[in-house]
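S.K.: fold the following, please.
(one chain, ligands or ions: 1)
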Amino acid sequence: MRIDVVTIFPGYLDALDLSLVGKARRDGLLDLRVHDLRDWTTDRHRTVDDTPFGGGAGMVMRPDVWGRALDDVLGRTGGGDPAGRQVLLVPTPSGERLTQRTVEDLATVDQLVLACGRYEGIDARVAEHYADAGVEVREFSLGDYVLNGGEVAALVVVEAVARLLPGVVGNPQSLVEESHGAAGLLEYPVYTKPPAWAGREVPEILLSGHHGNIARWRRDLALERTAERRPDMVGTLDPADLDRRDRAV
Ligand SMILES: Nc1cc(-c2cccs2)n[nH]1
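M.R.: Below is the predicted model of the structure:
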């Protein structure tokens, strides 16, 4: 998979040289390219923004600069058809909420392009232009809070997607039981040595060696946590699945 990130702060993405994503890049599992938007400016000051039409505070990012950058990165400057499914992702507080289901879909794409806006945002014609040109455009939000730019959202998306790519995480089973995983639940509480700490013991069941009972206990705790912390998620569970957990093991 190829991921391109276009930003005026390329250094923000240096964290993607580290840990799991960094290893995936070195192992050739992820082709991640970070681009400085200013490389597509044409003036000596390398200007990327201007004042908003209609007035208002702040500055808006120019469509012409973004257009040159995205045409290049999307491979739309030559005549040929770009290979495979491309998605243009635009982080914005006014976007659709990013969910694990969306991340799972993005992990199947051939090329993701992240356009990191700053200031008051990117001229609205940019997203319209590429959507009209047949590019899959998704304006997405991380949540109901405002950041200064799209770079942090890009870090989130790259990590969330990269860890789903084949060969990136050591044990793919761990992807199944985690929060928001296939089961649609929050994950159960986890414990390790020492068995007693600060006057607190590890739940007895986990020391029993009875794997069936441990599995049922974990599922019960996952359900309990989900009901307590994210009642909105409980409604999406399959009742047949809920019934399954009560069956004798
Ligand atoms: N969820 C979310 C996204 C953002 C921004 C994206 C780009 C600039 S600010 N803030 N909050």
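
S.K.: A131 should be in a helix, yeah?
M.R.: Yes. Counting by DSSP: H, G, I helix; E, B strand; the rest coil, A131 is located in a helix.

S.K.: what is the helix or strand hosting V161 packed up against?
M.R.: Per DSSP states H and E: V161 is located in helix 151-162. With contacts defined as 3 or more Cβ pairs under 8 Å, 6 or more residues apart in numbering; DSSP states H and E, the packing partners of helix 151-162 are strand 2-7, helix 19-26, strand 86-97, helix 100-106, strand 111-115. For glycine as for every other residue, the C-beta is placed from the backbone atoms N, C-alpha and C.

S.K.: out of these, nearest to the ligand?
M.R.: Nearest to the ligand, of all the helices and strands packed on helix 151-162, is strand 86-97, at 4.0 Å by Cβ to the nearest ligand atom.

S.K.: so the closest one versus helix 151-162, what angle?
M.R.: Relative orientation of strand 86-97 and helix 151-162, computed by axes from the mean of the first three to the mean of the last three Cα atoms, to 10 degrees: 110 degrees.

S.K.: what residues of strand 86-97 count as buried?
M.R.: Q86, V87, L88, L89, V90, P91, T92, G95 (16 or more other Cβ atoms under 10 Å).

S.K.: what lines up beside it in the sheet?
M.R.: In its sheet, strand 86-97 lies beside strand 111-115 (parallel), strand 136-141 (parallel), with partners assigned from DSSP bridges.

S.K.: need the winner for burial among the ones you listed.
M.R.: Sort the strands paired with strand 86-97 by mean neighbour count, taking mean count of other Cβ atoms under 10 Å, and strand 111-115 sits at the top with a mean of 24.

S.K.: quick check, it touching the ligand?
M.R.: No. Using Cβ under 6 Å from any ligand atom, strand 111-115 never reaches the ligand; the gap is at least 9.4 Å.

S.K.: contacts for that strand?
M.R.: With contacts defined as Cβ atoms under 8 Å, 6 or more residues apart in numbering, strand 111-115 is touched by 1-6, 66, 70, 73-74, 82, 84-91, 106, 122, 126, 150, 153-154, 157-158, 161.

S.K.: just want the angle from that strand to strand 2-7.
M.R.: Strand 111-115 runs at 10 degrees relative to strand 2-7, counting by the same axes, to 10 degrees.

S.K.: I'd like the numbering to begin with 25 instead of 1 from here.
M.R.: All right, first residue 25 from here; so that's strand 135-139.

S.K.: chain center to strand 135-139, what's the gap?
M.R.: From the chain centre to the centre of strand 135-139 is a distance of 11 Å (Cα atoms, centre = their mean, to the nearest Å).

S.K.: equivalent analysis for stretch 221-229, please.
M.R.: 35 Å.

S.K.: and what of stretch 67-83?
M.R.: 29 Å.

S.K.: how long is that stretch end to end?
M.R.: Length of stretch 67-83, first residue to last, Cα to Cα, to the nearest Å: 17 Å.

S.K.: got a list of contacts for that stretch?
M.R.: I32, L61, R62, T65, V84, M85, R86, V89, R142, Y143, E144.

S.K.: columns neighbour count, distance to the ligand and secondary structure on top of those, output as JSON lines?
M.R.: Output for the contacts of stretch 67-83, formatted as JSON lines (neighbours: other Cβ atoms under 10 Å; distance: Cβ to the nearest ligand atom, whole Å; DSSP: H, G, I helix; E, B strand; the rest coil):
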{"residue": "I32", "neighbour count": "20", "distance to the ligand": "12", "secondary structure": "coil"}
{"residue": "L61", "neighbour count": "25", "distance to the ligand": "13", "secondary structure": "helix"}
{"residue": "R62", "neighbour count": "15", "distance to the ligand": "17", "secondary structure": "helix"}
{"residue": "T65", "neighbour count": "18", "distance to the ligand": "20", "secondary structure": "coil"}
{"residue": "V84", "neighbour count": "19", "distance to the ligand": "12", "secondary structure": "strand"}
{"residue": "M85", "neighbour count": "21", "distance to the ligand": "10", "secondary structure": "strand"}
{"residue": "R86", "neighbour count": "19", "distance to the ligand": "16", "secondary structure": "coil"}
{"residue": "V89", "neighbour count": "26", "distance to the ligand": "16", "secondary structure": "helix"}
{"residue": "R142", "neighbour count": "20", "distance to the ligand": "6", "secondary structure": "coil"}
{"residue": "Y143", "neighbour count": "17", "distance to the ligand": "8", "secondary structure": "coil"}
{"residue": "E144", "neighbour count": "14", "distance to the ligand": "9", "secondary structure": "coil"}
